[in-house]
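A.B. asks: Quick one: sequence plus predicted model below, questions after.
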Amino acid sequence: MRDFRVVLFALGWLALTLAAMAALHALGSRAAGDGQSAAFAAAAMAGALVGGLFVAAGWGAEPELKFRQAVALTVGAWFGLPLLACIPLMLGALQLSFTDAYFEAVSGLTTTGSTVISGLDGAPPSLLMWRAALQWVGGFGIIGLSIAILPFLRIGGMQLLRLEFTDKSDEKLIARPGELAAIIGAIYLGLTLACASLYAIAGMSGFDAIAHAFTTVSTAGFSTRDASMGAFSPGVQWIAVAFMFTGALPFLLYVRLLRPKRARGAGSGFGEVGLLAAIIVTAALVLTAYQAAQGTAFFEALRGAFFNVASIVTTTGFATADYQLWGPAAVGLFFFLMFLGGCAGSTAGGFKIFRLEVMGKAIVQHLARTAQPNAVIAMHHRGRRLTDADIVSVALFAGMFVGAFAIGAVALSAMGLDFVTAVSASANAVANIGPGLGEIIGPAGNFAPLPEEAKWLLSFMMVLGRLEIMTVLLLFLPRFYDR
């Protein structure tokens, strides 16, 4: 078996980082006087103890993190860190059970946004900020995962992401991974600060502006209010639409825009962005017309449609209204939109827009070959020829994605959930969306009433979907551990 001590070493430092976050929240809680400092101090001490032990166990390991070790680290982090992150939710004023606290922490770090908590308006500010901070950190982690690890798994064409942004010319877009991470981190922070500033200008309090900026740019969806974004002004909601969209764009595209000379010769990269925008605009206009025909004021219908469509498509999970009340056609459309997701290399989850592009081109090519069997018909994706292996990888991922959704829905139904709740809960977990459909987990509800076994299954599915399925499944393959 390979030396996995470096994984323990890295996990230890991640635990220490989480401990430092908890310590900062303990100080913030003490300053705010909301009585949660002891809960955060306990989380900080637990994180420091676990982190210290792991760092000691991995001390002296080979410093290079190889592919298998990177996969083990990724899966270990997304399943393990919630064990520490959930401590303030259990010991603090919320007094969540271990199951509920772990579910909430997983939902935060995977940027899913499903919640078991009600009464957010009266909850301690430090706990609300803790939830938001988990989502913000998780969003940045997902960007790094998408760029650094997933392309090597050949997960549904994710290798195209790496090829497009690093190998289109003789020199790479950014030569050193550390430099790339620093630039992406600066962009992520800049978008967050811009979002918070605009929220404050539009009337949010400073606390609400920062907390919602964390969960908007990370396309995550935790709010400080039970009414979610419906508690704020129309101006705030339009700002949220803009930043949910920016969070769902590939962050390497921002890097390329900032480094145009280094990216000379690279594909435009705007095809995926254009398709994402077209989907949001088309669905929103359809829903606007549908609501207007039912008597809703046009501009109110327009704002509600754009906000909630953007929230679902980008897998953010905010809501301004219970869109299930808009009618059966609206519910059907929202269920379809749940599966789409944002762009590759963004904070958004879901199936991903670029895979839709590749699948569409593959269907067109197949039809053309059927009509002209002797013709040579090549497919291209942003200037690069698509191979049969690319098509197969996308098809395999589509099969795994649908399979995970179907198995989850059947399992949840077996646990006693009604059909709508089971199906939408499975979809929202594997696509990392947030709210589901139905009276229980719809936009006006939450996941607290679900049985404990359902919450554990959904926690697993949130990580499974967030890590693009195959990353988790690799750990169950004996060959993965062979030399």
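C.D. replies: Noted; the coordinates are in hand. Numbering: from 1, shown residues only.
A.B. asks: so what's the residue sitting furthest away from the middle of the chain scoring on pLDDT?
C.D. replies: For the chain, the C-alpha farthest from the mean C-alpha position belongs to residue 374; by C-alpha atoms, centre = their mean, that distance is 43.7 Å. Residue 374 is assigned a predicted lDDT (pLDDT) of 75.
A.B. asks: Residue 460 and residue 391: what is the separation?
C.D. replies: Residue 460 sits 29 Å away from residue 391, going by C-beta to C-beta, to the nearest Å. (Glycine included, C-beta is placed from N, CA and C.)
A.B. asks: scratch that, residue 312
C.D. replies: In terms of C-beta to C-beta, residue 312 sits 28 Å off from residue 391.
A.B. asks: So for the two, which sits in the more crowded spot?
C.D. replies: residue 312 (32 against 18; other C-beta atoms under 10 Å).
A.B. asks: Not counting sequence-adjacent ones, nearest residue to the more buried one?
C.D. replies: residue 337 (4.7 Å; C-beta to C-beta, 6 or more residues apart in numbering).
A.B. asks: OK, contacts around the one you found?
C.D. replies: 279, 283, 309, 312-313 (C-beta atoms under 8 Å, 6 or more residues apart in numbering).
A.B. asks: Repeat that for residue 401.
C.D. replies: Contacts of residue 401 by C-beta under 8 Å, 6+ apart are 351, 430, 469.
A.B. asks: tell me the phi and psi of the last one?
C.D. replies: In this entry, residue 469 is assigned phi and psi values of phi 70, psi -60 (degrees, to the nearest 10).
A.B. asks: Using neighbour counts, pick out the buried residues of stretch 12-22.
C.D. replies: 12, 14-16, 18-19, 21-22 (16 or more other C-beta atoms under 10 Å).
A.B. asks: In helices, which of those fall?
C.D. replies: 12, 14-16, 18-19, 21-22 (DSSP state H).
A.B. asks: If we only consider the residues you listed, which is nearest to residue 271?
C.D. replies: Lowest distance from residue 271 to those (C-beta to C-beta) belongs to residue 14, with 35.4 Å.
A.B. asks: before we move on, back to that, would JSON lines of the ones in helices among the buried residues of stretch 12-22 with distance to residue 413 and pLDDT be doable?
C.D. replies: Putting these into JSON lines (distance: C-beta to C-beta, whole Å; pLDDT from 0 to 100) gives the following:
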{"residue": "12", "distance to residue 413": "40", "pLDDT": "92"}
{"residue": "14", "distance to residue 413": "36", "pLDDT": "90"}
{"residue": "15", "distance to residue 413": "37", "pLDDT": "94"}
{"residue": "16", "distance to residue 413": "42", "pLDDT": "94"}
{"residue": "18", "distance to residue 413": "35", "pLDDT": "94"}
{"residue": "19", "distance to residue 413": "40", "pLDDT": "96"}
{"residue": "21", "distance to residue 413": "38", "pLDDT": "96"}
{"residue": "22", "distance to residue 413": "38", "pLDDT": "97"}
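A.B. asks: What is the nearest of these to residue 102?
C.D. replies: residue 18 (14.3 Å).
A.B. asks: ok, and the closest non-adjacent residue to that closest one?
C.D. replies: residue 47 (4.9 Å).
A.B. asks: circling back to that earlier point, looking at the buried residues of stretch 12-22, which one is closest to residue 247?
C.D. replies: residue 21 (20.8 Å).
A.B. asks: Pretty sure that closest one sits against residue 132.
C.D. replies: No - if you go by C-beta atoms under 8 Å, residue 21 and residue 132 don't touch, sitting 11.6 Å apart.
A.B. asks: quick one: contacts for residue 88?
C.D. replies: Per C-beta under 8 Å, 6+ apart, neighbours of residue 88: 22, 25, 36, 39-40, 42-43, 127, 130.
A.B. asks: any idea how far the residue farthest from the centre of the chain lies from residue 368?
C.D. replies: Counting by C-beta to C-beta, the gap from residue 374 to residue 368 is 12 Å.
A.B. asks: now swap in residue 216 and tell me
C.D. replies: The value you get for residue 216 to residue 368, if C-beta to C-beta is used, is 42 Å.
A.B. asks: With residue 469 instead?
C.D. replies: For residue 469 relative to residue 368 (C-beta to C-beta), the value is 31 Å.
A.B. asks: Out of the contacts of residue 337, the closest to residue 81 would be?
C.D. replies: residue 312 (26.8 Å).
A.B. asks: In the helix or strand harbouring residue 360, which residues are buried?
C.D. replies: Using DSSP states H and E, residue 360 sits within helix 353-371. The neighbour-count check on helix 353-371 (16+ other C-beta under 10 Å) flags 353-359, 361-362 as buried.
A.B. asks: Make CSV out of the residues you listed and add pLDDT and distance to residue 207.
C.D. replies: CSV is the format used below for the buried residues of helix 353-371 (pLDDT from 0 to 100; distance: C-beta to C-beta, whole Å):
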residue, pLDDT, distance to residue 207
353, 89, 34
354, 85, 37
355, 88, 38
356, 88, 38
357, 86, 40
358, 85, 43
359, 87, 43
361, 84, 47
362, 84, 48
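A.B. asks: Quickly name whichever of those is closest to residue 121.
C.D. replies: residue 353 (35.2 Å).
A.B. asks: name the element residue 74 belongs to?
C.D. replies: helix 67-85.
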